[in-house]
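K.L.:
Okay, sequence plus prediction incoming.
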2 protein chains.
Amino acid sequence: MENATINLDARARTLLRTLIESYIRDGQPVGSRTLARTSGLSVSAATVRNVMADLEDMGLIHSPHTSAGRIPTPAGYRLFVDSLLEVRNPSPEDIRAIQSGFDPSASTQDLMDATSNLLSRVTRMAGMVRLPRHRNVALSQIEFLRLGEGRILAILVIDGKEVQNRVLELDRDFSQDELQRMANYLNAHLAGKSLHAVRAELLREMRDVRDDLDAMMLAAIDLGEKAVGDEDPDDVVVAGQTHLLGYEELADMARLRQLLEAFNEKQEILGILDQCIRGDRVQIFIGRESGLDWFENCSVVTAPYSVDGEVVGVLGVIGPTRMSYDRVIPIVDVTARLLGSALGDHPVDDSK
Amino acid sequence: MENATINLDARARTLLRTLIESYIRDGQPVGSRTLARTSGLSVSAATVRNVMADLEDMGLIHSPHTSAGRIPTPAGYRLFVDSLLEVRNPSPEDIRAIQSGFDPSASTQDLMDATSNLLSRVTRMAGMVRLPRHRNVALSQIEFLRLGEGRILAILVIDGKEVQNRVLELDRDFSQDELQRMANYLNAHLAGKSLHAVRAELLREMRDVRDDLDAMMLAAIDLGEKAVGDEDPDDVVVAGQTHLLGYEELADMARLRQLLEAFNEKQEILGILDQCIRGDRVQIFIGRESGLDWFENCSVVTAPYSVDGEVVGVLGVIGPTRMSYDRVIPIVDVTARLLGSALGDHPVDDSK
DNA sequence: TTTAAGCACTCGACCGAGTGGAGCGCTGAC
DNA sequence: GTCAGCGCTCCACTCGGTCGAGTGCTTAAA
């Protein structure tokens, strides 16, 4: 089957491309006559029918019923986006809309919100942004606050601008003085190092001086790792889900509900995005390819974004499989680039 | 018109009640024959028709077209919930489901999330909880952290369990030592006092000793007020919006989209809930009563919840106007009570 | 072998007429 | 005031027929 797609001659490819473009534009099954007229080829409708029969055998198109036109199958879309599609350059107004959406002085969280809003507004589909993984991010400060018996608040300042805090429940009680000393110790040792490095260092020291203080520090670092680590369900921000209600190919209430619930849970969205994080360019998921059945008739277009040459996250849109890939792909692409460079400008450096 | 509703005799009231109950159950227009049979009254269908004509004149019911049965108008629902409705006691399994949803040791945020989830799960509609106003809440601790030139992180611990932090941008730079002193001063003075009281006290002091330190403290308190204050759009948590996709009376995509967008914006939801915060019992909004046109065919059922006898917030559900008020009202009611008492148990007091 | 023309066929969309049933309003008797 | 009966209205459903788009197949030409 996979080889069969390679065997497509130029004419068949042109016809398939024209058919899919036409279907994406109008949403109507395409018949042989219209296809023969619009393809630009000088062939008759009958010939087109023969080619279409071949394409149908290969599983690239199918008719919803006898004597209707043909519509692309998921496999047809796949071939289309992989090797038939010619992406347009983004239109000037799209570019303007995207560029004006970035405020490099905003906090990371605000930047994520703005970006997913942007994606959804420009594409009129649902936008999503996977938050940057702070894998090798520098912890610039850590503080502890005693809340009560055995309850301690840990405050982590990351890169001098992000703040995260968590409550630790401990067996042993620490006085505020002890906590202050521990924080001083940690701040002295971890200045500018990544969480991973700090953790390794602490583990090494612990082997020597085994006491509660170190256990506490280790706990703090563990917490730090968890706070900025992976698989936090809040690690993806979504916007514009409601746009999906407008597409009549998604009008099935039961499926629509599954879809919106997936956005609320975020877990499955996260899974999809994480699949896309490898690969350095735009990636596309079509229909059930991801194995999720609520995903029928939907596609995602994603692109990773990088800071200083390292991929730190993914963003993308989700919409009906019948979408204008030639418009959406470049939008997602340049948004990813702009987000990357906006993240690269640390507001700490240029504050005031 | 309003007086007319008062003039309803017992028989007309019984018929109206039976009609609305029947329509809520089946979703079908109710005809005179069925109504005569099910009302329990020993009157003929023809008599029922006469009464129905009167009710229609009063604007309480109407027929979707000639020679269909009657369905309640918003005014009919209004009269129904105000004076015709007999609420059931919540069913045992509902009670169990509600009670098991409360974990008094959870943080306020978690409690809100759990409660709105609970409401939506039990009623199969959308649940929402307006976060408690911390009007007179005690600030138990405040700390400052220097992030960079003129950038300070303020950490507020409220009631010994809530933590809020905000970044302050200031004109003047403070050293960590200065900040520490300020925090110590503040902590010594505001221990256990409410934000309002603290603010008033600071303003009084400032009139005497006018220096930058006090300005800073005032800024910190201002921030504190803002952090826990009102009109933060995140002040309401919503859950289970997708349940609304299942009701065919809300199946109009355009309206449905407006509805879901209102849930995302939260602003209008907030407005509705704030209207309900006065009044000490369950309140009900029906259809367009709130002036929002996306609200057609929808109703809200809300109840305020109190801690130590003082109303601190509102919770409720939103669903189709054609809902089982007799089931939903008690559910909302007991949920509000339970949330209030769960909030009353401070986890600090009974920790460990 | 490829291309194209013709033809029969299929299927959905649409329209109009006909039918059954639910339900209403009205009238007149009690 | 009550209510049985009658005629009427309107909806929902079905049935048959037509139209148009589109297909598959066959056949003939290039």
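P.N.:
Good, I have the coordinates.
K.L.:
middle-most residue in chain A, spatially?
P.N.:
Residue closest to the average C-alpha location in chain A (CA atoms, centre = their mean): residue A:315, at 3.2 Å.
K.L.:
quick one: it and residue B:153, what's the gap?
P.N.:
28 Å (CB to CB, to the nearest Å). Every residue, glycine included, has its C-beta placed from N, CA and C.
K.L.:
show me what contacts the nearest residue to residue A:179 once chain neighbours are set aside?
P.N.:
Using CB to CB, 6 or more residues apart in numbering or on different chains and skipping the chain neighbours, the partner closest in space to residue A:179 is residue A:144 (3.9 Å). Applying CB atoms under 8 Å, 6 or more residues apart in numbering or on different chains to residue A:144 gives the contacts A:152-155, A:174, A:179-180, A:182-183, A:220.
K.L.:
same thing but at 6 Å, please
P.N.:
By CB atoms under 6 Å, 6 or more residues apart in numbering or on different chains, the contact list for residue A:144 reads A:152, A:154, A:179, A:183.
K.L.:
I'd like to know which of those are part of strands.
P.N.:
A:152, A:154 (DSSP state E).
K.L.:
Would you quantify the distance from the residue of the stretch 1-150 of chain A found nearest DNA strand D to residue A:62?
P.N.:
The stretch 1-150 of chain A approaches DNA strand D most closely through residue A:31 (2.3 Å), counting by CB to the nearest atom of the strand. Here the criterion is CB to CB. By it, residue A:31 lies 14 Å from residue A:62.
K.L.:
for chain A, what spans make up the strands?
P.N.:
So, for chain A - with DSSP E - the strands run A:61-62, A:71-72, A:126-130, A:139-148, A:151-158, A:162-169, A:236-239, A:283-286, A:298-307, A:310-320.
K.L.:
Highest mean neighbour count out of the ones you listed?
P.N.:
When you average the neighbours per residue for each of those (mean count of other CB atoms under 10 Å in any protein chain shown), strand A:126-130 leads with a mean of 27.
K.L.:
So what touches that one?
P.N.:
If you take CB under 6 Å, 6+ apart as the criterion, strand A:126-130 is touched by A:112, A:115-116, A:119-120, A:236-241, A:244, A:273, A:313-318.
K.L.:
ok, which residues in chain A are in contact with DNA strand C?
P.N.:
Within reach of DNA strand C by CB under 7 Å from any atom of the strand, chain A has these residues: A:11, A:42-44, A:46-47, A:50, A:65-68.
K.L.:
Please list which of these are also close to DNA strand D.
P.N.:
When the residues of chain A next to DNA strand C are checked against DNA strand D using CB under 7 Å from any atom of the strand, the ones in range are A:46, A:66-68.
K.L.:
quick one: which of those is most hemmed in?
P.N.:
Among those, residue A:68 has the most neighbours (other CB atoms under 10 Å in any protein chain shown), with 13 neighbours.
K.L.:
so it touches residue A:30, yeah?
P.N.:
No: when contacts are counted by CB atoms under 6 Å, residue A:68 is not listed as touching residue A:30 (9.6 Å).
K.L.:
Show the low-confidence segments of the stretch 1-150 of chain A, by residue range.
P.N.:
Across the stretch 1-150 of chain A, the ranges flagged by pLDDT under 70 are A:1-7, A:104-105, A:133-139.
K.L.:
and it, which of its residues are near chain B?
P.N.:
A:143, A:145, A:147-148 (CB under 6 Å from any CB of the partner chain).
K.L.:
Spell out which residues of chain A are next to DNA strand D.
P.N.:
A:28-34, A:45-46, A:49, A:52-53, A:56, A:63, A:66-70.
K.L.:
Now, of those, which are buried?
P.N.:
The neighbour count (16 or more other CB atoms under 10 Å in any protein chain shown) marks A:29-32, A:34, A:49, A:52, A:69-70 as buried among the residues of chain A next to DNA strand D.
K.L.:
Filter the residues of chain A next to DNA strand D down to the ones in helices?
P.N.:
A:32-34, A:45-46, A:49, A:52-53, A:56 (DSSP state H).
K.L.:
what's the closest of these to residue B:324?
P.N.:
Set against residue B:324, the nearest of those by CB to CB is residue A:56 (50.7 Å).
K.L.:
Please name the residues that touch that closest one.
P.N.:
Here residue A:56 is in contact with residue A:62 (CB under 6 Å, 6+ apart).
K.L.:
mind running it again at 10 Å?
P.N.:
By CB atoms under 10 Å, 6 or more residues apart in numbering or on different chains, the contact set of residue A:56 is A:62-63, A:70, A:73, A:76.
K.L.:
Export those as CSV, with columns for distance to residue B:333.
P.N.:
What follows is the contacts of residue A:56, written out as CSV (distance: CB to CB, whole Å):
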residue, distance to residue B:333
A:62, 55
A:63, 56
A:70, 58
A:73, 53
A:76, 56
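K.L.:
For these, which two are the farthest from each other?
P.N.:
Spatial extent of the contacts of residue A:56 (CB to CB) is set by the pair A:63 and A:76 at 12.5 Å.
K.L.:
intersection of neighbour lists for the two?
P.N.:
What both residue A:63 and residue A:76 touch, as defined by CB under 10 Å, 6+ apart, is the set A:56, A:70.
K.L.:
The residue of the stretch 1-150 of chain A closest to DNA strand D is in contact with residue A:23, isn't it?
P.N.:
No: taking contacts as CB atoms under 10 Å, residue A:31 lies outside contact range of residue A:23: 11.2 Å.
K.L.:
shared neighbours, the two?
P.N.:
With contacts taken as CB under 10 Å, 6+ apart, the residues that reach both residue A:31 and residue A:23 are A:69-70.
K.L.:
The helix ranked longest in chain A: which residues count as buried?
P.N.:
Longest helix in chain A by number of residues (criterion: DSSP H): helix A:325-344. The neighbour-count check on helix A:325-344 (16+ other CB under 10 Å) flags A:325, A:327-336, A:338-340, A:342-343 as buried.
K.L.:
Could you confirm whether that helix reaches chain B?
P.N.:
No: if you take CB under 10 Å from any CB of the partner chain as the test, helix A:325-344 misses chain B, and the best it gets is 17.8 Å.
K.L.:
Domains in chain A, by residue range?
P.N.:
The record's domain split for chain A, according to automatic domain parsing, is A:2-84, A:92-133+A:232-344, A:139-228.
K.L.:
Redo those as CSV? Include distance to residue B:80.
P.N.:
Compiled in CSV, these are given as follows (distance: least, CB to CB, whole Å):
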stretch, distance to residue B:80
domain A:2-84, 44
domain A:92-133+A:232-344, 28
domain A:139-228, 47
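K.L.:
Tell me which of those approaches residue B:309 most closely.
P.N.:
Here domain A:139-228 is closest among the domains of chain A (CB to CB), at 25.4 Å.
K.L.:
Give me the phi and psi angles of the closest residue to DNA strand D within the stretch 201-350 of chain A.
P.N.:
Residue of the stretch 201-350 of chain A nearest DNA strand D, by CB to the nearest atom of the strand: residue A:322 (16.5 Å). Dihedral pair for residue A:322: phi -80, psi 70, per degrees, to the nearest 10.
K.L.:
Give me the distance between the two termini of stretch A:95-109.
P.N.:
The straight-line separation of the ends of stretch A:95-109 (CA to CA, to the nearest Å) is 23 Å.
K.L.:
tell me which residues in it are buried?
P.N.:
Within stretch A:95-109, the residues that count as buried by 16+ other CB under 10 Å are A:95, A:98, A:101-102, A:108.
K.L.:
Tell me where the stretch 151-300 of chain A has helices.
P.N.:
If DSSP state H, counting those that start in this stretch is used as the criterion, the helices of the stretch 151-300 of chain A fall at A:176-190, A:195-208, A:212-228, A:253-265, A:267-275.
K.L.:
can you tell me which of those the model trusts least?
P.N.:
Sorting the helices of the stretch 151-300 of chain A by mean pLDDT places helix A:212-228 lowest, at a mean of 57.
K.L.:
and stretch A:269-280, how far apart are its ends?
P.N.:
Terminal residues of stretch A:269-280 are spaced 19 Å apart (CA to CA).
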